[in-house]
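[1] Take this sequence and fold it.
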Amino acid sequence: MFELIFIIVYFGIMMAIGPLAGRQMKKGTSSDFILAGKKAPTLLVTGGIVATMINSATLLGFTGSGFSLGISAYFSAVGYMIIITWMGFWFIPRIRRANIATIPELFGRYLGVPHRLVSMVLVMFRDVGVTAGAIIGMATIFQLLFDIPLDLALVITLGVTLFFTVTGGMWAVMVTDSIQTALLLIGTILLIPLGIAYIGGWESFTSLIPSTHVNIWNAGGSQAFAWVLMGAFTAIGYQTLVQRGLSAKSEEVAKKGFLYGGIITLVWYIVPFLIGTIAVVIFPDISPDSAYVSMAELFGEFGSIFFITLVIASCISTLSSTILTTSSNLSIDVYKELINPNATEKQVVFVTRISIFIVAIVGTLIARALPYILELLLIGGRIMGASLSPVLISLVFWKASRRAPKSTISAMVVGAMVTIVSLLIGQSVSPEEEGGVVMLWAIDPVLLGLPVTIGILVIGVLFETRNKNMNIPVADNVKSN
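    Model prediction:
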C-alpha cells in the first residue's frame, strides 16, 4: 500500500507539470513545442543534458555491466562525457546558427531530400532504441513493485509519460528532467556508502571484491577502445542531446549547460559501476539485470521504494525526451517536408502530438522483442554513431563535403550496412545468460563500420569535389528557408 501511495503522489506531481509547463508555449509554434521556444535557461539545459545521459538503460544497464565486468565497464560511458564539453563550445553554436530543429533538417538544407531521409532513419535508430530501453526498464520496475502483468505495466508506463509530453512539450520535458536529475544524483550516490556500510565498511568491501572487477582492462583493450569511440560519435549525432543545446536561450547558455552537464555526468557515471561492484559482493548469484533492484531492496520499505523510484524517474526523463525528439523527425522531416510543405505551425504541433503516440507504440514493440537492457541503447548508438556522425561533423566543419552528395550519402548508407551486418553475424564473446545487459564482441561492430564510413567520406569527397567551386557558406551563416 505504501508503494502505491508513493508512486501515485510522485506521478501526480510529474503529470501536473505538463499543463503548467504548457503555459510557457505562448506562441503555440512548433519551436515552442519542440525546442521550448529557444528560451530555456542554464539550469534547465544542464538538467536536461544530465537526465538525457542518465536513463534507465544507464542506471539499470551500467549497474548490471558493473556487476558483470567491474570498473572496466566505465569505458562504455566515458566517450559520451569526453565529447559533451567539446560539443557545447564548438559544435552546438554552429548548429544553433543554422536555425534548425532537427539534425536531418541540416542534411536536407545542404544536400537535399534523400540525405534528409537517410539521416532521419539513422538518427531514429538511436532514439527509438533508447525509447525501447526506457519503456522496458520502467515496466519491469512496475512488475516488481505491484506483481502485475507486463502488458499492464507497459500501459501505465506509457500513460504517465505521454500525458505530460503531449500537453507540455519540451518545457514539460526539461522541467521534469531537472527535477528528476536532482533526485537521481543524490539518491544513486547515497546508495554507495550505504552499500559499503552494509558489507561492513571499506576494508571489508575491498577485501571481497573479485580481482576481475578491479582490473580496468577486464573487458579487453579492443572493446574498451570501441566503447569510447562509440560513446563519442553517438553523442555527436544524438538528436535528443543536440536539441537541448538548440532549446537554450543563447549560445552562452548552451555552452554553460554542456560544460556543467559534461562535468556532472563525467563524475556520476562511475556511480552505477560501483553499485554493480558492491552488488556482486553482496549478491554473487543474482542475474546482472537485477543488481540495482537487489541493492535498493536492502534498506527497508521506505528505502527500497525511494531507490526504485529513482529508476522510474530516469525512465520518465528518458522516455519523454526521446519520444518527443523522434516525433519531431516525423512531423518536421516527413510531414512538413514531404506531405504538406505549406503546413501551419498549428498543424505541425498537432502532427507532433500524434507522432508521440506512434513512436511510443513502436518503442514498446521493440522493447518486447530484444532481451538486453543496455544493448537496446548501444545497438542504435552503434549504427547511428558509426554512419551518420562522421558525415554530420564533416558538414559542419568541412565545407567541401557539402558539395559531395554522392560521397556523403554513400558513406552513411554503406557505413550503416556494414555496422548492421556486423551486429547480426559478428561474434559475441559474452555469455547469452538470462538477465544479461550487454554483449562483448570479438571485434565490436563500431570498429568495422566507423572506418568504412570515414574512408568512403574522405576519399569520396576529395575525388568528387576535385574540380568544383568551393565558395559556399559555412554552417554559421546558414539561413532558414
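[2] okay, CA-based contacts and neighbour counts for the rest of this
    Noted.
[3] And the strands in the stretch 251-400 of the chain, which stretches?
    For the stretch 251-400 of the chain, strands defined by DSSP state E, counting those that start in this stretch do not occur.
[4] Any figure for the gap between residue 327 and residue 391?
    Taking C-alpha to C-alpha, to the nearest Å as the measure, residue 327 falls 23 Å from residue 391.
[5] Compare these two (neighbour count), which wins?
    Neighbours were counted for residue 327 and for residue 391 using other C-alpha atoms under 10 Å; residue 391 has more, 27 against 24.
[6] tell me the contacts of that one?
    408, 411-412, 454, 457 (C-alpha atoms under 8 Å, 6 or more residues apart in numbering).
[7] quick one: pLDDT of it?
    Model confidence at residue 391, given as pLDDT, is 96.
[8] cool, and residue 463?
    93.
[9] From what I see, residue 328 and residue 353 are in contact.
    No: in this structure, residue 328 is not within contact of residue 353 by C-alpha atoms under 8 Å, at 9.1 Å.
[10] Looking at the two, which is more packed in?
    Between residue 328 and residue 353, counted using other C-alpha under 10 Å, residue 328 has the larger neighbour count: 26 against 21.
[11] Give me the nearest residue to that one, chain neighbours excluded.
    In this structure, residue 328 finds its nearest non-sequential neighbour in residue 352, 5.9 Å apart by C-alpha to C-alpha, 6 or more residues apart in numbering.
[12] Could you tell me which residues make contact with that neighbour?
    Residues near residue 352 by C-alpha under 8 Å, 6+ apart: 324, 327-328, 330-331.
[13] As TSV, the contacts of residue 391 with secondary structure, distance to residue 135 and pLDDT would be great.
    Shown next, in TSV, are the contacts of residue 391 (DSSP: H, G, I helix; E, B strand; the rest coil; distance: C-alpha to C-alpha, whole Å; pLDDT from 0 to 100):
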residue	secondary structure	distance to residue 135	pLDDT
408	helix	34	96
411	helix	32	96
412	helix	28	96
454	helix	33	96
457	helix	36	96
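[14] Name the nearest of those relative to residue 40.
    Nearest to residue 40 out of the contacts of residue 391 is residue 412 (C-alpha to C-alpha; 32.4 Å).
[15] neighbours around the closest one, how many?
    For residue 412, using other C-alpha under 10 Å, the count is 30.
[16] before we move on, what about the one 3 residues further on?
    Look at residue 415: counted by other C-alpha under 10 Å, it has 29 neighbours.
[17] do the same with residue 267
    Number of residues near residue 267 (other C-alpha under 10 Å) recorded here: 11.
[18] Tell me how far it lies from residue 381.
    For residue 267, the distance to residue 381 - C-alpha to C-alpha - is 22 Å.
[19] For the helix or strand hosting residue 453, buried residues please.
    Using DSSP states H and E, residue 453 sits within helix 446-464. Buried residues in helix 446-464, defined by neighbour count with 16 or more other C-alpha atoms under 10 Å: 446-450, 452-454, 456-458, 460-461, 464.
[20] Flag the shaky bits of this protein, pLDDT-wise.
    Applying pLDDT under 70 to the chain flags residues 1-4, 18-19, 21-29, 56-57, 164, 167-168, 369-377, 426-440, 468-481.
[21] which element follows the lengthiest helix in it toward the C-terminus?
    Scanning the chain for the longest helix, with DSSP state H as the assignment, gives helix 150-199. Using DSSP H and E, the next helix or strand after helix 150-199 towards the C-terminus is helix 202-208.
[22] list the buried ones in that next one?
    By 16+ other C-alpha under 10 Å, the buried positions in helix 202-208 come out as residue 205.
[23] gap between the next helix or strand after that helix and the chain center?
    Toward the C-terminus, helix 202-208 is succeeded by helix 221-236 as the next helix or strand (DSSP H and E). Centroid displacement of helix 221-236 relative to its chain, using C-alpha atoms, centre = their mean, to the nearest Å, is 14 Å.
[24] Convert helix 221-236 to CSV, retaining C-alpha atoms only.
    The C-alpha trace of helix 221-236 is given here as CSV (Å, rounded to 0.1, in the frame of the first residue of the first chain):
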residue,chain,number,x,y,z
GLY,A,221,41.5,-3.3,-24.8
SER,A,222,39.7,-3.6,-28.2
GLN,A,223,36.3,-3.5,-26.5
ALA,A,224,37.3,-0.5,-24.3
PHE,A,225,38.5,1.4,-27.3
ALA,A,226,35.3,0.6,-29.3
TRP,A,227,33.2,1.8,-26.3
VAL,A,228,35.0,5.1,-26.2
LEU,A,229,34.7,5.7,-29.9
MET,A,230,31.0,4.7,-29.9
GLY,A,231,30.2,7.0,-27.0
ALA,A,232,31.9,10.0,-28.6
PHE,A,233,30.3,9.5,-32.1
THR,A,234,27.0,8.6,-30.6
ALA,A,235,26.8,11.8,-28.5
ILE,A,236,27.6,14.0,-31.6
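[25] tell me the angle it makes with helix 446-464.
    Angle, helix 221-236 to helix 446-464, by axes from the mean of the first three to the mean of the last three C-alpha atoms, to 10 degrees: 60 degrees.
[26] how about the helix or strand just after helix 221-236 as CSV, C-alpha atoms only?
    The helix or strand immediately downstream of helix 221-236 is helix 239-247, counting by DSSP H and E. The C-alpha trace of helix 239-247 is given here as CSV (Å, rounded to 0.1, in the frame of the first residue of the first chain):
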residue,chain,number,x,y,z
GLN,A,239,19.5,14.4,-31.6
THR,A,240,17.9,14.4,-28.1
LEU,A,241,21.2,15.8,-26.7
VAL,A,242,21.6,18.3,-29.6
GLN,A,243,18.1,19.6,-29.1
ARG,A,244,19.0,20.5,-25.5
GLY,A,245,21.5,22.9,-27.0
LEU,A,246,19.0,24.2,-29.6
SER,A,247,16.5,24.9,-26.8
